[in-house]
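Participant: give me coordinates for this.
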Amino acid sequence: MRVLLSTIGSRGDVQPLVALALELRNLGQEVHLCVPPDFRDWIDSLAIPVTPIGPELRQTAAADPPATPAPPSPEHLRQLAQATVTAQFEAVAAAAEGCDVIVAATALQVAAHSVAELMAIPYVFAAYCPAVLPSPRHAPPSSPMTVSATADNRELWARDRARFNDMFGAVLNSHRTSVGLAPVGDVRSHILTDRPWLAADPTLAPWPEPANGGVVQTGAWILPDRRPLPPELVAFLQAGEPPVYFGLGSMRAPRGLSQAMIGSARALGRRAIVSRGWAGLSPVDDAPDCLSIGEVNHQELFEQVAAVVHHGGAGTTTAAARAGAPQVVIPQVYDQYYWAQRVDRLGNGTAHPPVEPTADSLATALGRVLRPDVAARAQVIADAVRTDGARVTAQRLMTSVLQKSFRDGLS
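Facilitator: Residues are numbered from 1 along each chain as shown. Presented below is the predicted three-dimensional model:
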């Protein structure tokens, strides 16, 4: 069996697919990845065939971004939609040649289902967060386009569906009709299908529908990381009490955030580790109580810190929870608001208020989580987090495709 795994997004979107790819390969299956070009070298090093899709994403993060620009015009948005859908059809179609199934992650995978139809092969949509999937029990994931949260959830999802249709309907159907496929009337449902898979841990992010609502929850796709920590990081960890970790992954950083992070740790008498990330965060001075790091093994590092302050990506939230580290989540976009809420409700951390972080606000949030009761609760949650989601998914995918049984979640 040959499987195409495709996504558009940051490392947090790509890494779960790599975890699934390695599990499939361990089971003797062939795998091809279709991901942004930022990750080509990494995936090449794993000897997994990869096709780049879309532009590089790293340039979208900046340590000192300019003032918020004016919203793009409707015409500009239409041009962006045209460009991305066209690029997707080209890249996914090329990567899917000879494949037996396509697995697409993230809701911006507009073309993948159509390519699967054209090639007469099964298609699976996978979400990393319940909030991506429609349910009357929660609102759509927050974004700059989200409407007032005072509306009923069903109405919010109806407006979300309309936005998908307005943004992608015309260009998607133009491509579909050009290759002999019938147009679709509901773009979002076409992407997500009526039987999506949810690659999220059921303790951290349970699907809220009592009877599952058609969703197959597999558990999070966690990539085991066996890299040793850099010597300078090991030395820093051993030089004093557990520090606080700060990092925003691939997200933008508000002006002055590095200063606020380090100032908050110092206000509480804590040392700090600052992950540079795509935004290029760095310490404000050369004092020995802070250390700047690049990409490292979070699974090992998070077990040795007092708390993890982060943006609320699905992968970082799960890694911190699995390590038993109390968390402060600073959400900025999309599903990060969901993860901030969940951490707050589970009691293994807290959500930063929806304002630009300052040294005082971060110190206040850290003060709430650097308590013995929160550390104890974080350990309880850690003991409940599953680590077999990628393996379960690989086995399910093989069984469904090889038996030609699409009732098990394939459409």
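Participant: and the longest helix for the protein?
Facilitator: The single longest helix within the chain, with elements called by DSSP state H, is helix 153-178.
Participant: so how far is that helix off the chain centroid?
Facilitator: In terms of C-alpha atoms, centre = their mean, to the nearest Å, the gap separating the centre of helix 153-178 from the centre of its chain is 22 Å.
Participant: which strands and helices lie in contact with that helix?
Facilitator: In terms of contacts (3 or more C-beta pairs under 8 Å, 6 or more residues apart in numbering; DSSP states H and E), helix 153-178 is packed against helix 74-95, helix 112-119, helix 187-192. C-beta: built from backbone N, CA, C; applies to glycine.
Participant: residue 45: how many residues sit nearby?
Facilitator: 8 (other C-beta atoms under 10 Å).
Participant: same question for residue 282.
Facilitator: 12.
Participant: once you drop chain neighbours, what's closest to it?
Facilitator: Counting by C-beta to C-beta, 6 or more residues apart in numbering, residue 292 is the residue found nearest to residue 282 once chain neighbours are left out, at 5.1 Å.
Participant: buried stuff in the host helix or strand of the one you found?
Facilitator: Using DSSP states H and E, residue 292 sits within strand 290-293. The neighbour-count check on strand 290-293 (16 or more other C-beta atoms under 10 Å) flags 290-291, 293 as buried.
Participant: what does stretch 219-236 give?
Facilitator: 219-223, 229, 233, 236.
Participant: kindly report the same for stretch 128-147.
Facilitator: In stretch 128-147, counting by 16+ other C-beta under 10 Å, buried: 128-135, 138-142, 146.
Participant: now stretch 201-218
Facilitator: 201-205, 207, 215-218.
Participant: could you dump those residues to JSON lines with secondary structure and pLDDT?
Facilitator: Output for the buried residues of stretch 201-218, formatted as JSON lines (DSSP: H, G, I helix; E, B strand; the rest coil; pLDDT from 0 to 100):
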{"residue": "201", "secondary structure": "coil", "pLDDT": "97"}
{"residue": "202", "secondary structure": "coil", "pLDDT": "96"}
{"residue": "203", "secondary structure": "coil", "pLDDT": "96"}
{"residue": "204", "secondary structure": "coil", "pLDDT": "96"}
{"residue": "205", "secondary structure": "coil", "pLDDT": "96"}
{"residue": "207", "secondary structure": "coil", "pLDDT": "94"}
{"residue": "215", "secondary structure": "coil", "pLDDT": "93"}
{"residue": "216", "secondary structure": "strand", "pLDDT": "93"}
{"residue": "217", "secondary structure": "strand", "pLDDT": "94"}
{"residue": "218", "secondary structure": "coil", "pLDDT": "95"}
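Participant: just name the closest of these to residue 276, please.
Facilitator: Checking these against residue 276 with C-beta to C-beta, the nearest one is residue 204 at 26.4 Å.
Participant: can you name the residues that contact that closest one?
Facilitator: By C-beta atoms under 8 Å, 6 or more residues apart in numbering, residue 204 lies in contact with 220, 317-318, 321, 342, 346, 381, 385.
Participant: which of those count as buried?
Facilitator: The neighbour-count criterion (16+ other C-beta under 10 Å) marks 220, 317-318, 321, 342, 346, 381, 385 among those as buried.
Participant: what segments of this protein are strands?
Facilitator: When assigned using DSSP state E, the strands of the chain occupy the ranges 2-7, 30-35, 50-52, 101-105, 123-127, 197-198, 216-217, 244-246, 272-275, 290-293, 307-310, 327-329, 349-351.
Participant: any chance of those strands in JSON lines with distance to residue 399 as columns?
Facilitator: Below are the strands of the chain laid out as JSON lines (distance: least, C-beta to C-beta, whole Å):
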{"stretch": "strand 2-7", "distance to residue 399": "13"}
{"stretch": "strand 30-35", "distance to residue 399": "17"}
{"stretch": "strand 50-52", "distance to residue 399": "26"}
{"stretch": "strand 101-105", "distance to residue 399": "12"}
{"stretch": "strand 123-127", "distance to residue 399": "13"}
{"stretch": "strand 197-198", "distance to residue 399": "13"}
{"stretch": "strand 216-217", "distance to residue 399": "12"}
{"stretch": "strand 244-246", "distance to residue 399": "39"}
{"stretch": "strand 272-275", "distance to residue 399": "39"}
{"stretch": "strand 290-293", "distance to residue 399": "41"}
{"stretch": "strand 307-310", "distance to residue 399": "36"}
{"stretch": "strand 327-329", "distance to residue 399": "36"}
{"stretch": "strand 349-351", "distance to residue 399": "37"}
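Participant: and residue 101, how many neighbours?
Facilitator: Neighbour tally, residue 101, other C-beta under 10 Å: 22.
Participant: show me what it is bridged to.
Facilitator: residue 3 (DSSP bridges).
Participant: ok, residue 125 next?
Facilitator: Here residue 125, judged by DSSP bridges, has bridge partners residue 104.
Participant: which residue sits closest to residue 312, ignoring its sequence neighbours?
Facilitator: Nearest non-adjacent residue to residue 312 (C-beta to C-beta, 6+ apart): residue 336, at 3.5 Å.
Participant: so for residue 248, which of the helices and strands packed on helix 153-178 sits nearest?
Facilitator: Closest of the helices and strands packed on helix 153-178 to residue 248 is helix 74-95, at 24.3 Å (criterion: C-beta to C-beta).
Participant: please save the CA atoms from the closest one in PDB.
Facilitator: Output of helix 74-95 as PDB, limited to C-alpha atoms (Å, rounded to 0.1, in the frame of the first residue of the first chain):
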ATOM      1  CA  PRO A  74     -12.100  40.800  -1.300                       C
ATOM      2  CA  GLU A  75     -10.300  40.800  -4.600                       C
ATOM      3  CA  HIS A  76      -7.000  40.200  -3.000                       C
ATOM      4  CA  LEU A  77      -8.500  37.300  -1.000                       C
ATOM      5  CA  ARG A  78      -9.900  35.800  -4.200                       C
ATOM      6  CA  GLN A  79      -6.500  36.000  -5.800                       C
ATOM      7  CA  LEU A  80      -4.900  34.300  -2.800                       C
ATOM      8  CA  ALA A  81      -7.600  31.500  -2.900                       C
ATOM      9  CA  GLN A  82      -7.000  31.100  -6.700                       C
ATOM     10  CA  ALA A  83      -3.300  30.800  -6.200                       C
ATOM     11  CA  THR A  84      -3.300  28.300  -3.300                       C
ATOM     12  CA  VAL A  85      -6.000  26.000  -4.700                       C
ATOM     13  CA  THR A  86      -4.200  25.900  -8.100                       C
ATOM     14  CA  ALA A  87      -0.900  25.100  -6.400                       C
ATOM     15  CA  GLN A  88      -2.600  22.400  -4.300                       C
ATOM     16  CA  PHE A  89      -4.100  20.700  -7.300                       C
ATOM     17  CA  GLU A  90      -0.800  20.600  -9.000                       C
ATOM     18  CA  ALA A  91       1.300  19.400  -6.000                       C
ATOM     19  CA  VAL A  92      -1.200  16.900  -4.600                       C
ATOM     20  CA  ALA A  93      -2.000  15.400  -8.000                       C
ATOM     21  CA  ALA A  94       1.700  14.900  -8.700                       C
ATOM     22  CA  ALA A  95       2.400  13.500  -5.200                       C
END
